[in-house]
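Student: Here's my sequence, what's the structure:
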Amino acid sequence: EVRLVESGGGLVQAGGSLRLSCVASGFTFSDYAIGWFRQAPGKEREGVTCITYQGISYSFMDSVEGRFTISRDNTKSTVYLQMNSLKPEDTGIYYCGARSWFCSAYGAPAGYDFAGQGTQVTVSS
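Tutor: Prediction:
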């Protein structure tokens, strides 16, 4: 059974940090790109960042450049999203998704083969 389980979300004040984790099982993790996308209140889901099976990372949101960092640990079948200098506009549900080999264009949520249930991130002002 394919599973992606996100964790690490929560309530944090603006300027704070969170590290999200995405633990995968049920497929060959090292063959997949893993990405994060989010859904802010009242908005559609949008791609945040992604890391290919080779470990090459891409950012799809100018607003998170320099603040969010994606990384992967193939030995733990886990991808991390380190989020620093959080802003209220970062509030939303964060999902991880898996896609064979490479990231989808613009990190489009519909481009993933599998996705998790999400973890809530709330940034207070």
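Student: Assign the spatially most central residue of the chain to helix, strand or coil.
Tutor: Among the residues of the chain, W36 comes closest to the average C-alpha position under Cα atoms, centre = their mean, at 2.2 Å. When the structure is split into helix, strand and coil by DSSP: H, G, I helix; E, B strand; the rest coil, W36 lands in strand.
Student: do G55 as well
Tutor: With three-state DSSP as the basis, the three-state label of G55 is coil.
Student: gap between it and V64?
Tutor: G55 is 19 Å from V64, where distance means Cβ to Cβ, to the nearest Å. C-beta here means a position set from N, CA and C on the backbone, and glycine is covered the same way.
Student: and the two? which has more neighbours close in?
Tutor: V64 (22 against 12; other Cβ atoms under 10 Å).
Student: Would you agree the more buried one is in contact with E89?
Tutor: No: checked against Cβ atoms under 8 Å, the pair V64 and E89 is beyond contact range at 10.0 Å.
Student: would you list every one of the helices in this protein?
Tutor: Remark: helices of the chain are absent; assignment by DSSP state H.
Student: Would you map the strands across it?
Tutor: With strands called from DSSP state E, the chain shows them at 3-7, 10-13, 18-25, 32-39, 45-51, 57-59, 68-73, 78-83, 92-100, 114-115, 119-124.
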